[in-house]
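Chemist: requesting a structural model of the entry that follows:
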Amino acid sequence: MKKGFRTILFGLILILSLGVLAGCGSDAVKSGGDNSVKQLTLEQIKERGKIRIGVFSDKPPFGYVDANGKNQGYDVYFAKRIAKDLLGDENKVEFVLVEAASRVEVLEANKVDIILANFTVTPERKEKVDFANPYMKVGLGVVSPDGALITDVNQLKGKKLIVNKGTTAETYFVQNHPEIELLKYEQNTEAFQALKDGRGAALAHDNTLLFAWARENQGYTTGITKLGSLDYIAPAVKKGNIELKDWLNEEIEKLASEQFFHKDFAETLLPAYGESIQADDVVIDGGKVE
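Modeler: Predicted coordinates for the structure are as follows:
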């Protein structure tokens with residue numbers, strides 16, 4: 001009898017214990033722990049005390065990590081101002097390093113609040129993320145060695161062209177020039193090294209990046225300076241995060257009115273461009289395009 005009672009008691013304790021553990025597990029999933037399950041409101045971001053912004057680590061002068069391990073560049077300069085205006089301190093930003101092909105993914109997974117990684121606005125991307133007002137304009141270009149300079153797309157037939165996965169350069173050539181063989185890389189450093197190693201005849205990317213890179217790397221020239229239409233770069237937030245998008249729109253309009261983006265250009269891009277590119281070639285005056 002005693003043995004039977006002990007067995008029943010043990011069974012009840014086990015059932016209750018499992019129930020408690022299951023409840024705890026459910027709460028952990030709902031809370032998300034690191035806020036990875038659901039996007040936060042502006043008030044929740046303020047309570048957290050930092051804003052997570054996705055930037056590049058290898059795309060100077062727009063987003064890169066310097067020799068001291070510090071994030072630098074045009075997008076980083078902008079990100080710090082966002083943190084200052086939203087949270088009162090430019091240091092209250094957590095930089096999350098992203099690759100071109102992962103920008104949508106990290107937003108959808110709530111690993112960042114905002115993407116500021118030279119994100120070009122396209123109809124396809126609009127279906128997956130929400131873009132705020134643009135703050136830059138950009139086109140596509142093609143850089144190649146001076147000894148075998150590519151100045152026309154037709155010269156790429158029968159040759160290999162280097163691109164980064166998930167970029168507008170990849171999309172443009174897949175859609176408009178399927179006859180050109182593409183060598184695709186995840187990271188900018190890999191792509192540019194492939195060009196230097198001669199694995200491809202040329203490299204296609206944002207012209208604003210290529211102008212700076214060619215200036216820093218003698219023996220290379222952006223022989224094709226503009227392909228396709230003029231595009232725009234804008235901050236992106238998770239689809240449906242209207243509150244944060246509206247705040248960013250107001251912020252960009254305010255910053256444009258005080259010539260902030262021209263100051264950003266002078267601090268971060270002018271040293272890379274020299275006199276070859278002017279602020280108005282890159283900056284969108286007024287923060288809006290119709």
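Chemist: A266 reaches Q278, doesn't it?
Modeler: No. Here A266 lies out of contact with Q278, judged by C-beta atoms under 8 Å, at a distance of 10.9 Å. Every residue, glycine included, has its C-beta placed from N, CA and C.
Chemist: and the contacts of stretch 96-105?
Modeler: Identification of contacts with stretch 96-105 by C-beta atoms under 8 Å, 6 or more residues apart in numbering yields 52-57, 65, 106, 111-112, 115, 117, 119, 125, 128-129, 164-167, 186-187, 236.
Chemist: helices - which of those land there?
Modeler: V106, R125 (DSSP state H).
Chemist: can I get the buried part of the contacts of stretch 96-105 as one ChimeraX selection?
Modeler: Of these, the buried ones go into a single ChimeraX selection, burial set by 16 or more other C-beta atoms under 10 Å:
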select :52,53,54,55,56,57,65,106,111,112,115,117,119,125,129,164,165,166,167,187,236
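Chemist: so of the contacts of stretch 96-105, which ones are in strands?
Modeler: R52, I53, G54, V55, V65, I115, V129, N164, A236 (DSSP state E).
Chemist: contacts only, for the first one.
Modeler: Contacts here follow C-beta under 8 Å, 6+ apart; on that basis R52 touches V93, E94, V96, K111, V112, D113, I114.
Chemist: need the residues you listed in a markdown table (columns: distance to S257 and pLDDT).
Modeler: What follows is those, written out as a markdown table (distance: C-beta to C-beta, whole Å; pLDDT from 0 to 100):
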| residue | distance to S257 | pLDDT |
| --- | --- | --- |
| V93 | 23 | 98 |
| E94 | 28 | 98 |
| V96 | 29 | 98 |
| K111 | 32 | 96 |
| V112 | 27 | 97 |
| D113 | 24 | 97 |
| I114 | 21 | 98 |
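Chemist: return the member of those residues nearest to R81.
Modeler: V93 (9.6 Å; C-beta to C-beta).
Chemist: please, which helix or strand holds the residue lying closest to the closest one once chain neighbours are set aside?
Modeler: Residue nearest to V93 in three dimensions, not counting chain neighbours: A83, with 3.9 Å by C-beta to C-beta, 6 or more residues apart in numbering. Applying DSSP states H and E as the criterion places A83 in helix 74-87.
Chemist: same thing with I224?
Modeler: Applying DSSP H and E as the criterion places I224 in strand 220-233.
Chemist: can I get that strand in PDB, CA atoms only?
Modeler: Provided in PDB are the C-alpha atoms of strand 220-233 (Å, rounded to 0.1, in the frame of the first residue of the first chain):
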ATOM      1  CA  TYR A 220      42.000  50.300 -62.500                       C
ATOM      2  CA  THR A 221      39.400  52.600 -64.000                       C
ATOM      3  CA  THR A 222      35.600  52.800 -63.900                       C
ATOM      4  CA  GLY A 223      35.400  52.600 -67.700                       C
ATOM      5  CA  ILE A 224      31.500  52.300 -67.600                       C
ATOM      6  CA  THR A 225      30.300  55.000 -65.200                       C
ATOM      7  CA  LYS A 226      26.500  54.500 -65.600                       C
ATOM      8  CA  LEU A 227      24.300  51.600 -66.500                       C
ATOM      9  CA  GLY A 228      20.500  51.500 -66.400                       C
ATOM     10  CA  SER A 229      18.500  54.100 -64.500                       C
ATOM     11  CA  LEU A 230      19.400  56.300 -61.600                       C
ATOM     12  CA  ASP A 231      18.500  54.500 -58.400                       C
ATOM     13  CA  TYR A 232      18.000  55.600 -54.800                       C
ATOM     14  CA  ILE A 233      19.400  54.300 -51.500                       C
END
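Chemist: which elements pack onto that strand?
Modeler: Judged by 3 or more C-beta pairs under 8 Å, 6 or more residues apart in numbering; DSSP states H and E, the packing partners of strand 220-233 are strand 136-145, helix 168-176, helix 207-216.
Chemist: ok and the first one relative to helix 168-176, angle-wise?
Modeler: Between the axis of strand 136-145 and that of helix 168-176 there is an angle of 80 degrees, by axes from the mean of the first three to the mean of the last three C-alpha atoms, to 10 degrees.
Chemist: how close does P145 get to T41?
Modeler: Distance, P145 to T41, by C-beta to C-beta, to the nearest Å: 51 Å.
Chemist: more neighbours: those two, which one.
Modeler: The neighbour comparison of P145 against T41 (other C-beta atoms under 10 Å) goes to P145, with 17 against 12.
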